[in-house]
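S.K.: Got a sequence here, can you build the structure:
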Amino acid sequence: MPTLLPLYPLPSPCVDQMESSNSSISVSLKLLVDTKNRRVLFAEASKEVVDFLFTLLSLPISTVIRLLTKNGMVGCLGKLYESVEELNDAYLQPNLNKDSLLKPQSTVAGANILHLTYNDSTAKKFYVCDYCNRNISNRSGVMCQNGNCRPYNRSITTEVTYVAPPEAAGVASSEEGYVKGVVTYMIMDNLEVKPMSTISSITVLNKFNIREVGALEEKVVSLGMEEGLKLLKASLECNAVLTKTFLGSKA
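M.R.: Numbers count the residues shown, from 1 in each chain. Below you'll find the predicted structure:
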């Protein structure tokens, strides 16, 4: 069913476009690796990395399937997605758009780890009624529901361009997203997140019974589009997510 909205405010960009974003952008995180057992004990990460991880919780399952590709999905949800793709429109309810199932919109409130959010060049198209200029839709040709337009079957056909609002003056980027930027965060191999501290680090070493400090190695890695998708896939398959993503170990 097409969505009719007032002309303003326009909806914000959604995570739906993340697969076509700029893969050259990345952020870094520091891993503490147990070289003896070839595993990541934990990662020291910034706000941007934590925001990205929390963003994964907001992704619709169909978006996850599309990002990982149907054949790469665990279980049979990929086949369900493919069924909707291949189903002839003649079997669908009138005015139903397949994209409402295959590409649902999920707005991320400022959690922009840029390489995994959206690309304005592929932003969703919107159309406005060229008679009243009050109602818009995400589909061209929909009948306008304005009282002055409806009796005359006025349709919404004029394409309009979404323009993202400029960042509010005085609002630092660290105030966006989900967590504060003044803190360094600890991310465990199973993606458990907590504020970083000396005590928490020692606790982790004791938990894993680390006795040979010489076996520990610090490794700085980049989290870009490729690594982000590997991390997403690994999070659905195992508990040793960082180890599998950055060390290539099977867990």
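S.K.: The closest residue in space to residue 215 that isn't next to it in sequence sits in which helix or strand?
M.R.: Take residue 215 and drop its neighbours on the chain: the residue closest to it by Cβ to Cβ, 6 or more residues apart in numbering is residue 36, 4.2 Å away. (Each C-beta comes from the backbone N, C-alpha and C, glycine too.) Mapping residue 36 onto the secondary structure by DSSP states H and E places it in no helix or strand at all.
S.K.: how near is residue 36 to residue 216?
M.R.: Noted for residue 36: a distance of 9 Å to residue 216, by Cβ to Cβ, to the nearest Å.
S.K.: do the same with residue 139
M.R.: For residue 139, the distance to residue 216 - Cβ to Cβ - is 56 Å.
S.K.: More neighbours: which of those two?
M.R.: residue 139 (17 against 14; other Cβ atoms under 10 Å).
S.K.: Next up, phi/psi of that one, please.
M.R.: Per-residue torsions, residue 139: phi -140, psi 140 (degrees, to the nearest 10).
S.K.: That one against residue 127, yeah?
M.R.: Yes. Counting by Cβ atoms under 8 Å, residue 139 touches residue 127, with 7.1 Å between them.
S.K.: overlap in contacts of those two?
M.R.: residue 156 (Cβ atoms under 8 Å, 6 or more residues apart in numbering).
S.K.: Please enumerate the helices of the protein.
M.R.: 47-56, 61-68, 77-86, 99-102, 198-207, 225-235, 241-246 (DSSP state H).
S.K.: Of those helices, which is nearest residue 161?
M.R.: Nearest to residue 161 among the helices of the chain is helix 99-102 (19.3 Å), distances taken as Cβ to Cβ.
S.K.: need the strands for the stretch 151-251 of the chain, in chain order.
M.R.: 155-160, 185-188, 193-195, 216-223 (DSSP state E, counting those that start in this stretch).
S.K.: Deepest-packed of the ones you listed, please.
M.R.: strand 185-188 (a mean of 20; mean count of other Cβ atoms under 10 Å).
S.K.: what's the spacing between it and its chain's center?
M.R.: 19 Å (Cα atoms, centre = their mean, to the nearest Å).
S.K.: swap in stretch 74-89?
M.R.: 21 Å.
S.K.: and what of stretch 206-217?
M.R.: 34 Å.
S.K.: And stretch 241-249, by the same measure?
M.R.: Worked out by Cα atoms, centre = their mean, stretch 241-249 lies 20 Å from the chain centre.
S.K.: Could you pull out the buried residues of it?
M.R.: Neighbour counts over stretch 241-249 (16 or more other Cβ atoms under 10 Å) mark 241-247 as buried.
S.K.: What is the nearest of the residues you listed to residue 160?
M.R.: The nearest member of these to residue 160, counting by Cβ to Cβ, is residue 245 at 40.2 Å.
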